[in-house]
Every structure is written in C-alpha cells, then in structure tokens.
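# the sequence isn't on hand, but the structure is:
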C-alpha cells in the first residue's frame, strides 16, 4: 500500500493570492489524481497528472486556475491560483494504485 | 457522472451488521466495484474492492450479485467509529483509473 503525504494540511489565504499544495507518495506511481471537495459535497476530480506530460483536466477545471506539476513518479503539486472564497474546499490527491489511497487533504479557506 | 446509486443515509445499531447496498446496473466487464469511506473531513479510506467474486478483508465483506449489477458492503459488527459516508465506485483498474464519486451513503451507528 502507498502512503501519501500532503502539505499543508490546512491554510487560510487572502483572496487574489495563490497556494501550492504538495503531494508526496512513498513509492513510484504512474498517475496521480487531484480532487476537490467543497463543503458538504462529494469529491470531484480536478485533473490527472502523468509524469512527463501535461495534466489532463476535467470539465470545468482549467490549467490557468489549477496548474499542476509532476516532476517525478513520487511527487506532484497543485496550485490554486488567484483564489476567491469559492475556492474554499478540501483538496486531495490520490494515485493509480489498485487500492487508490488518498492523502489526508488540504483544507483551504479563502478570506 | 457516477455510475452508482446508493441510499443517501442509513442507520444501524452498534454491534449489528451494517449492510450497505449499491446499484451499478451499467457496470462494464472490466470495471471493479470499490468501496471507500470518509470520516468527517478526513481523506477517503479504502475499504475493499472486487470484480465478481465475493471478497472479505479485516474491515468488511463485499458481496457482488452474479449479474454484477449490484453489490452490498457488509460491516459485520458495526462500532460507533464506523459512522461515516460510504462511497461505492466502479473503476477500471488499468488505463484511465480515476475514481468518480457519487454522493455516497451517510451511515450512522447508534449506541
């Protein structure tokens, strides 16, 4: 089983600023996934990050708002850019392993 | 869109078996049934997955009907710590391996 660590675990940010969330896996994985969970809602996939290629974004999510990096097979970052209060959510990463473990998430509050 | 339907909520008495149903009538032959749970704003926790045979692990049992159009997650002796939102998901294990979450079932274990 893969252990996934996310940083930061939570943050409070000013509107108009950006936050970069890190996701570290303890073993190599081909694909990493970024999800958003808005208050009281289920998880929604933002994008799929493959090492060595651009991330693939789901409908409603764009690279300018959520740029993703995947520099190697154990690490990825998601940036939430030009934040507004509507971006207040929990952001989670996961992997393509059969059991698809999740990080504990980053709770973002935009004020 | 999620390919599964689940009751929005269920209650179960502590110590009894909790049986959570899931319908996935459009499941494809190469899609597995996955179950996750999310305990109050933590990252989703993997529980179990299966293709067509019943599966059991230390957390739960998964019963999949012969036509694979529905399944049941069984928590044999529910405790208060099993109170969570339970998600049933169908997923291809190879290729595009993203998880598409529905709204899940909010299971409340009552003392």
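Structure's in. What do you need? Small disclaimer: the values here were computed from a predicted structure and weren't measured. Numbering: from 1, shown residues only, chains lettered A, B, ... in the order given.
# residue ranges with poor pLDDT in the chain?
Let's take chain A. Applying pLDDT under 70 to chain A flags residues A:1-2, A:98.
# I was after chain B.
B:1, B:93-96.
# got the residues of it near chain A?
B:34, B:41-46, B:49, B:87, B:91, B:93, B:96-104 (Cβ under 8 Å from any Cβ of the partner chain). Using the backbone N, CA and C atoms, a C-beta is placed for each residue, glycine as well.
# now with 6 Å?
Taking Cβ under 6 Å from any Cβ of the partner chain, the part of chain B that reaches chain A is made up of B:43, B:44, B:46, B:93, B:97, B:98, B:101, B:103.
# for residue B:16, grab phi and psi.
Note on residue B:16: its backbone torsions stand at phi -90, psi 170 [degrees, to the nearest 10].
# just residue A:85 next, same as before
Torsion angles at residue A:85 (phi, psi; degrees, to the nearest 10) stand at phi -60, psi -30.
# in contact with residue B:80, which residues?
residue B:109 (Cβ atoms under 6 Å, 6 or more residues apart in numbering or on different chains).
# then the one 10 residues further on?
When contacts are counted by Cβ under 6 Å, 6+ apart, residue B:90 touches B:3, B:24, B:27, B:31, B:33.
# grab the nearest non-local neighbour of it.
Using Cβ to Cβ, 6 or more residues apart in numbering or on different chains and skipping the chain neighbours, the partner closest in space to residue B:90 is residue B:31 (4.4 Å).
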